[in-house]
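**Student:** Okay, here's the prediction I keep looking at, along with the sequence it came from:
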Amino acid sequence: MSLLEVRDLSVTFTRSGQQPVRAVDGVSFDVAAGQSVGIVGESGSGKSVTSLAVMGLLPSRGVSVGGTVTLDGNELTSMDQRALRDVRGRDVAMIFQDPMTSLNPVVTIGRQLTEVLIRHAGLAKGEAKAEAEQLLRRVGIPDPVRRLGEYPHQLSGGMRQRVMIAIAIACRPKLLIADEPTTALDVTIQAQILDLLRTLVAESGCGMIMITHDLGVVAGLCDDVHVMYSGRIVESAGTKDLFARPSHPYTDGLLQSIPRIDDDDPDNLLHTIPGSARDTVPWDRGCAFQPRCERAVAECLSGPPPVAELGTPIVPHPVRCVRPVGEDVILHEGNVAR
Amino acid sequence: MSLLEVRDLEVHFPIKSGTLFQRTVGAVKAVDGVDLDIEAGTTFGLVGESGCGKSTLGRAIMRLIEPTKGSVTLDGQDILALSERKMRSVRRQFQMVFQDPMASLDPRQSVESLLTEPLRAHKFPGGSAGHAKRVRELLDVVGLPESVVNRYPHEFSGGQRQRLGIARALALNPALIIADEPVSALDVSIQAQVINLLKELQERFSLTYVVIAHDLAVVRHISKTVAVMYLGGIVEQAPAADLYRQPLHPYTKALMSAVPVPDPNVEETRSRILLQGDLPSPANPPAGCRFHTRCPWKQATKCDTERPALRELPLVAPGHKVACHYAEDILAGKITPHEVRPEEVELTPAGSSPGSIEATEAHVAGGLTPGGPPGAH
């Protein structure tokens, strides 16, 4: 059994007098212990909302969450806030994009770190302090004793992100959710942080969900990838499989439109995906990507697109598309192998 | 002759101390002695990490920030010597495209008004009818329909807004466009559209670009020549293909090896040079080579005492300039990299420095991220 099982997760935002917005729709995926799973998508694709829903961090007013999230056999979506508070920080921990806004600016690094240890691990103050020092050392912060007494603004961006990671791994969580952990950082610092996350996952054997828009980050870090578009997963595969055989026209277009540093012929124009993510179709009427898709056919707008299994039962590669890249037949409910 | 010549440009921001009688106690050396030659009709890429001074350099060239020393010559005319009045009329020859089109377009101005403003300010010929015609031309050039003239910036997506920003920059037929992070706020699929647009416009109007970016892949894709900046100085400059094929400066090597490549097979096999520590403070840059504190190839002599000049290596790499004492030896493999211990970086120099402005900006920029340390709820 997997460490985390997300089944048919949906998140709808409602506001009085306005159309409800379905930010996440029918998302299912698994994370095994020791595995890194990437969720890739552009802004507005629902990747961050998915992670917040898994953590149970969405506000209760105006948001309805459907589906199930099972961590180690415990159902999280039906858990009450009290019980959930014990799970968060202890079993699941999250690393956010911008450590400046997610660390408390008026509390020392030391207190923010020991707070978690005292609250979740039940350590005494002195023990917690010693442990906090160890943690800072583990995430590669030089002179940890001095740093414990400092405030977030006294640290550089990369250091702050290391502190966030130290807080996240303080209670040895089973699952680590990293939401764009390196987007606010420079490339050389990004490389340091990714290297640290890679080592931590390998050493501790925890599962990791990596939420990012950068396919380069995914390529170097993740075992499995799910590509999201307009609230749904449109393609899932093992990382190598996905990059070798991108089958959803969106994934394929995205990979081709990235300028690459090892490009041999940079003089050509880049491949582009026309339009923007705003040009969309509701999923129940057809494929949300249809207005921007080069391979679109009439069938794309006849109801929700079926999920085609292009892999094998052992190495699955499901694609939500009626005409995946490399397939000539038009797929529909009848001829899709489930 | 080159269109733009920059010689020994320096931008130093004073650090003041004292409440009533402010004394200058130091300077943040944001740009510290930069020479550039940019040929007409080409794209010059300027890359570096945050805090290296690339944006300040771009703004100093436009005189949006007054340089403290040096000269900027555009088309044979010394820009820094011009009076403010003269400067205003010269400014139509060079325009800027900013990173965040939402922040750089006035939210209360319609597209028509946004695009007419530069025409009116510079007395573009043709009167209001001519201006209206020009606005439609500009929209057509950047691929927006004419029907958008009465709309406001918030009605557009990020990519469309950046197109508006480009249209505004093009309004007065400039010779030089300085684009500061033109695509970094955009989604990947939209980035490609804007990069292609910039390329097409360059061919059509024979524009000269200076593209400032932190994304090395984007810069490689559009530039003819690329310069790498570190802590206020250019450490390496070469034709794009040469630079990426054979980076000579240790910092460039590290920078390139840190860029993630969207290909798991490449990611698995390539070697990484992981730099230790952070960028030192530009208020108190290291003596000698600015990079020596983090350089895996640092040698016992010269590196920490003598600042290397940007020099061409005519024998091994013609046209390729590098500011490293030991570039030839590194290239020949005579020097091997070694471990570097991360050096402590002092973030807050004496008094409140202008360096803290950047920290505030970063704070505001990230203000929309859902936050709170886990477990604090």
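**Tutor:** Structure received.
**Student:** Next, residue B:10: secondary structure please.
**Tutor:** What DSSP: H, G, I helix; E, B strand; the rest coil gives for residue B:10 is strand.
**Student:** need the contact list for the residue nearest to it when sequence neighbours are not counted.
**Tutor:** Once flanking residues are discounted, residue B:10 sits nearest to residue B:69: 3.9 Å by CB to CB, 6 or more residues apart in numbering or on different chains. Backbone N, C-alpha and C define where each C-beta goes, glycine included. Contact analysis of residue B:69 by CB atoms under 8 Å, 6 or more residues apart in numbering or on different chains lists B:8, B:9, B:10, B:12.
**Student:** Quick check, pLDDT for residue B:69.
**Tutor:** pLDDT recorded at residue B:69 is 93.
**Student:** Now for chain A, the helix or strand with the poorest mean pLDDT.
**Tutor:** helix A:99-102 (a mean of 80; mean pLDDT, DSSP states H and E).
**Student:** what about it and chain B, touching?
**Tutor:** Yes. Judged by CB under 8 Å from any CB of the partner chain, helix A:99-102 comes into contact with chain B at A:100, A:101, A:102.
**Student:** and what of stretch A:158-166?
**Tutor:** Yes. Residues of stretch A:158-166 contacting chain B under CB under 8 Å from any CB: A:158, A:159, A:164.
**Student:** neighbours around the last one, how many?
**Tutor:** By that I understand residue A:164. When neighbours are counted by other CB atoms under 10 Å in any protein chain shown, residue A:164 registers 28.
**Student:** Double-check that it belongs to a helix.
**Tutor:** Yes. Membership of residue A:164 in a helix is supported by three-state DSSP.
**Student:** Find the nearest non-adjacent residue to it, please.
**Tutor:** residue A:99 (4.6 Å).
**Student:** Contact partners for that neighbour?
**Tutor:** A:152, A:157, A:160, A:161, A:163, A:164, A:184.
**Student:** mind listing what the second one touches?
**Tutor:** Put plainly, it is residue A:157. A:99, A:100, A:184, A:185, A:186, A:189, B:362.
**Student:** run the last query once more with 6 Å
**Tutor:** If a contact means CB atoms under 6 Å, 6 or more residues apart in numbering or on different chains, then residue A:157 has residue A:185 as its contacts.
**Student:** Check what pLDDT it gets.
**Tutor:** 84.
**Student:** Am I right that residue A:21 is in contact with residue A:15?
**Tutor:** No. Here residue A:21 does not reach residue A:15: they are 8.2 Å apart, not a contact under CB atoms under 6 Å.
**Student:** longest strand anywhere in chain B?
**Tutor:** Ranked by residue count, the top strand of chain B under DSSP state E comes out as strand B:23-38.
**Student:** all strands for chain A, in order.
**Tutor:** A:4-13, A:21-31, A:36-40, A:63-71, A:74-75, A:92-95, A:175-179, A:207-212, A:224-229, A:232-238, A:307-309, A:318-320.
**Student:** between those, which gets nearest to residue B:150?
**Tutor:** Proximity to residue B:150, assessed across those by CB to CB, is greatest for strand A:21-31 (27.2 Å).
**Student:** Which residue is most remote from the mean position of chain A?
**Tutor:** residue A:126 (35.3 Å; CA atoms, centre = their mean).
**Student:** how far away is it from chain B?
**Tutor:** 20 Å (CB to the nearest CB, to the nearest Å).
**Student:** same thing with residue A:208?
**Tutor:** Taking CB to the nearest CB, one finds residue A:208 at 14 Å from chain B.
**Student:** between the residues of helix A:99-102 next to chain B, which has the most around it?
**Tutor:** Among the residues of helix A:99-102 next to chain B, the one with the most neighbours (other CB under 10 Å) is residue A:100, at 26 neighbours.
**Student:** Strands along chain B, start to end?
**Tutor:** Along chain B, counting by DSSP E, strands occupy B:4-17, B:23-38, B:43-47, B:69-74, B:77-78, B:94-97, B:176-180, B:208-213, B:225-230, B:233-239, B:311-313, B:317-322.
**Student:** so where's the chain uncertain?
**Tutor:** By default, I'm working from chain A. A:1, A:264-267, A:332-338 (pLDDT under 70).
**Student:** wrong one, chain B
**Tutor:** B:1, B:342-377.
**Student:** about what we covered before: ok, and the most crowded of the contacts of residue A:99?
**Tutor:** Most surrounded of the contacts of residue A:99: other CB under 10 Å gives residue A:161, at 31 neighbours.
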